[in-house]
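>>> Sequence and predicted structure are below.
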Amino acid sequence: MRPEDEIARRHAQLDKLTKLYGDPFHITKFDKTHSATAVKTQFEALAAGEKTTQQVSVAGRVMAIRNGGMFIVILDDTDRLQIFHDIKAVTPQQKELLDLIDLGDIIGVAGLVRRTPRGEITVDATELKILSKALEPPPEKFHGLKDVEARFRHREQDLVATPRTRDTLRARYRMIAGIRQFLYERGFLEVETPMLHVIAGGASAKPFVTHHNALDLPLYMRIAPELHLKRLVIGGISEKVFEINRNFRNEGISPRHNPEFTMLELYQAYVDFTSMIEITEAIVYHIAVMLHGTGKVKFGELELDFTPPWPRRGMVDLIKEYTKTNLDLYAHPDAEDAREQAAKIGVKLEPGVSWGQVVEAVFGERVEHKLIQPTHVVDLPKEISPLAKAWPDRPHVAQRFETFVNGWEIANAFSELNDPREQRARFMEQAEQKRGPDDPPHPIDDDFIKAMAFGMPPMGGMGMGMDRLAMLMTDSQSIREVIAFPTMRPLDK
RNA sequence: GACCGCGUAGCUCAACGGUAGAGCAUUUGACUUUUAAUCAAAGGGUUGCGGGUUCGAAACCCGCCGCGGUCACCA
């Protein structure tokens, strides 16, 4: 049978079903008393072969039909469940209805619970209703959907066919809900800030550009919520705010980058970055325990231990340690000198980069990917931290940390700069800094500086990538596994 | 963006340059307490798309499309 014949056959099945029992797509509800798991849990004590007179009503997708409809396996959002019809006792009408069921259909069943002699909790159907027809066939029942492209393009099929996908995405959403709950309990107010920005600030990344017709105005999808969140704290809406939502960056796609990704950003007045270290550790540890019952999480061949506290290491010190060259970039505060030192160990940089950019580049090339267990990298250069306070006694160094796990940056936090004069100077500096050849200069957000001039309390702020954290928590090697609908290039037609 | 790899039936996968196959699914029949049900049979293909080499291309070459990986990019 050709594939289009299979679809035609299913349409014919639907027509026949409609003629005999009415259009299934007119059905609006089904009175479901038990989930698959609820049935299995409630009747766990039944012995093999034992029957009950307990009536339950269940519903789900048809995953398997065996022995000509004698055994039907359905899947709901909790588990699989077996449905039984005594094929020798069914009426011709019942047999006709059974023959109208195809793999993938949604059915509702009322019946009596028993445990089969082989040990399977089963519902002996007394009533059966086809609640919805699948006009396209499901993926192969045993091997499922393997083709990664098909899995991401048709996530609904992947969810039905691949238990791992259900587990991974559910864990991701539980994780995000868990973080929200954690922050609510600590007095944080969840807020919302604009996705459409006139100036895409708060980070350095290429934004997506869009256009507002009525205002005839170019708008940018936000690359970070940072500046607006600070303005809310400045306004005193709460001394503790957070937002968990999407950022959009018009950069390359990789196993660790999706054009839209979910960030947690939180800000707390009257604390510094060390409090951000504590809350970062607390959040991640809390999630590890919530999902795995322990701070130790398996990731590929690794076991990541999120039990606090995590080591805090200076960025320049780590460079010294990992390059094994005794290169102390603090001893080379001149940018050109530092650049030459970096070149000596094989890190080539364009002339004109700042000292901080040298440190960052060497770190990125020689250290970052080696930080496997959770590590806070502290003492980042001020020059690459335009929104962070520097240490008064160490003007090159920001009161900032980035947390690395498995070589990935998962968090970034600092004591937030609150001097509007300094902030303007930093932005000016940033605007002049050497960037990529095609990159537009950083625009300066005057509204933000004006807000800061209105009086901003000292505060700590932290950002954490939810997608990468979800990857770590679900042993996923690609960011696309933890995003329900990752960005895909469309197929023609 | 560069390089490497992959693309065969609805799904999972085979096929030395020599007639494109199997399992699942589908159809028909048998069986009927199965659980990847089983048994027998049948139908199902623009081998991603377009060109080329060749007596002959799923395979070799070129271009394109899509996906994956690595790198680049990404404070």
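Nice, thanks for sending it over.
>>> For the stretch 1-150 of chain A, list the residues in contact with RNA strand B, please.
Neighbours of RNA strand B within the stretch 1-150 of chain A, by Cβ under 7 Å from any atom of the strand: A:1-3, A:5-6, A:9, A:64-68, A:70-71, A:73, A:82, A:84, A:86-88, A:102-103, A:116-120, A:122, A:137, A:139-150. Glycine gets a C-beta too; all of them are placed from N, C-alpha and C.
>>> Produce a PyMOL select command limited to the buried residues of the residues you listed.
Command for PyMOL that selects the buried part of these, burial taken from 16 or more other Cβ atoms under 10 Å:
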select buried, chain A and resi 65+71+73+82+84+102+103+116+120+122+139+144+145
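>>> close to RNA strand B, is the biggest helix by length in chain A?
Secondary structure of chain A per DSSP state H: the longest helix is helix A:163-185. No: using Cβ under 7 Å from any atom of the strand, we find that helix A:163-185 stays clear of RNA strand B, coming within 12.8 Å at best.
>>> what's next to the very next helix or strand once past that helix, contact-wise?
Later in the chain than helix A:163-185, the nearest helix or strand by DSSP states H and E is strand A:189-190. For strand A:189-190, contacts defined as Cβ atoms under 8 Å, 6 or more residues apart in numbering pick out A:Arg180, A:Leu183, A:Tyr184, A:Ile237, A:Ser238, A:Lys240, A:Val241, A:Phe242, A:Glu243, A:Ile244.
>>> ditto for stretch A:368-377
A:277, A:280-281, A:284, A:302, A:304-306, A:310-315, A:318, A:322, A:363, A:401-407, A:409.
>>> what's next to stretch A:125-132, contact-wise?
A:17, A:21, A:24-25, A:27, A:30, A:55, A:59, A:83-85, A:94, A:97-98, A:100-101, A:105-112.
>>> again, only using 6 Å
With Cβ atoms under 6 Å, 6 or more residues apart in numbering as the test, stretch A:125-132 has contacts from A:17, A:24, A:27, A:30, A:83, A:85, A:105-111.
>>> which stretches of the stretch 101-250 of chain A have low pLDDT?
By pLDDT under 70, the stretch 101-250 of chain A has no low-scoring segment.
>>> An error on my part: the question was meant for the stretch 301-450 of chain A.
Ranges of the stretch 301-450 of chain A meeting pLDDT under 70: A:433-441.
>>> and the contacts of stretch A:125-132, which are buried?
Burial by neighbour count, judged by 16+ other Cβ under 10 Å, picks out A:Leu17, A:Pro24, A:Phe30, A:Ile83, A:His85, A:Asp105, A:Ile106, A:Ile107, A:Gly108, A:Val109, A:Ala110, A:Gly111 from the contacts of stretch A:125-132.
>>> Out of the residues you listed, list just those in strands.
A:Ile83, A:Ile106, A:Ile107, A:Gly108, A:Val109, A:Ala110, A:Gly111 (DSSP state E).
>>> closest point of chain A to RNA strand B, which residue?
Residue nearest to RNA strand B within chain A: A:Arg118 (2.3 Å; Cβ to the nearest atom of the strand).
>>> residues near the residue lying closest to that residue once chain neighbours are set aside, how many?
Nearest non-adjacent residue to A:Arg118, counting by Cβ to Cβ, 6 or more residues apart in numbering: A:Ala48, 7.2 Å away. Neighbours of A:Ala48 under the rule other Cβ atoms under 10 Å: 11.
>>> can I assume A:Ala48 is in contact with A:Ile121?
No: counting by Cβ atoms under 6 Å, A:Ile121 is not a contact partner of A:Ala48; they are 10.4 Å apart.
>>> can you list residues touching both of the two?
What both A:Ala48 and A:Ile121 touch, as defined by Cβ under 6 Å, 6+ apart, is the set A:Arg115.
>>> Which elements pack onto the longest helix of chain A?
In this structure, helix A:163-185 makes packing contacts with helix A:155-161, helix A:273-292, helix A:466-474, judged by 3 or more Cβ pairs under 6 Å, 6 or more residues apart in numbering; DSSP states H and E.
>>> between the ones you listed, which one is nearest to A:Leu491?
Closest to A:Leu491 of the helices and strands packed on helix A:163-185 is helix A:155-161 (Cβ to Cβ; 15.3 Å).
>>> tell me which residues in that closest one are buried?
Quick answer for helix A:155-161 (16+ other Cβ under 10 Å): A:Arg155, A:Gln157, A:Asp158, A:Leu159, A:Val160, A:Ala161.
>>> cool, and stretch A:247-265?
Buried, per 16+ other Cβ under 10 Å, within stretch A:247-265: A:Asn247, A:Phe248, A:Arg249, A:Arg256, A:Asn258, A:Pro259, A:Phe261, A:Thr262, A:Met263, A:Leu264, A:Glu265.
>>> hang on, the earlier thing: now list the buried members of the contacts of strand A:189-190.
Applying 16+ other Cβ under 10 Å to the contacts of strand A:189-190 flags A:Leu183, A:Ser238, A:Lys240, A:Val241, A:Phe242, A:Glu243, A:Ile244 as buried.
>>> Write out the residues of the stretch 301-450 of chain A neighbouring RNA strand B.
A:Glu360, A:Gly364, A:Glu365, A:Ile384, A:Ser385, A:Pro386, A:Leu387, A:Asn412, A:Gln430, A:Arg435, A:Gly436, A:His442.
>>> Filter the contacts of stretch A:368-377 down to the buried ones, ChimeraX style.
Restricted to buried positions by 16+ other Cβ under 10 Å, the ChimeraX selection for the contacts of stretch A:368-377 reads:
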select /A:277,280,281,284,304,306,310,313,314,315,318,322,363,401,402,403,404,405,406,409
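>>> what about A:Thr41, distance to A:Val56?
12 Å (Cβ to Cβ, to the nearest Å).
>>> Of those two, give the one with the bigger neighbour count.
Legend: neighbour count by other Cβ under 10 Å for A:Thr41 and A:Val56, higher for A:Val56 (20 against 13).
>>> Is the closest residue in space to that one that isn't next to it in sequence in a helix, a strand, or coil?
Excluding the flanking residues, the one nearest A:Val56 by Cβ to Cβ, 6+ apart is A:His34, at 4.5 Å. Taking DSSP: H, G, I helix; E, B strand; the rest coil as the rule, one finds A:His34 in the coil state.
>>> what's the answer for the one 5 residues further on, then?
Counting by three-state DSSP, the backbone at A:Val39 sits in helix.
>>> Could you report the distance from it to A:Lys370?
Distance from A:Val39 to A:Lys370, by Cβ to Cβ: 50 Å.
>>> So those two - more neighbours on which side?
Per other Cβ under 10 Å, whichever of A:Val39 and A:Lys370 has more neighbours is A:Val39, with 24 against 12.
>>> per-domain residue ranges of chain A.
Listed domain ranges for chain A are A:3-138, A:161-311+A:373-482 (source: automatic domain parsing).
>>> How far does the last one stretch from one end to the other?
With Cα to Cα, to the nearest Å applied, domain A:161-311+A:373-482 spans 16 Å between its terminal residues.
>>> re the thing from before, so the residue nearest to A:Arg118: helix, strand or coil?
coil.
>>> ok, so what distance separates the nearest residue to A:Leu417 once chain neighbours are set aside from A:Ile277?
Excluding the flanking residues, the one nearest A:Leu417 by Cβ to Cβ, 6+ apart is A:Lys389, at 5.0 Å. Applying Cβ to Cβ, the value for A:Lys389 to A:Ile277 is 15 Å.
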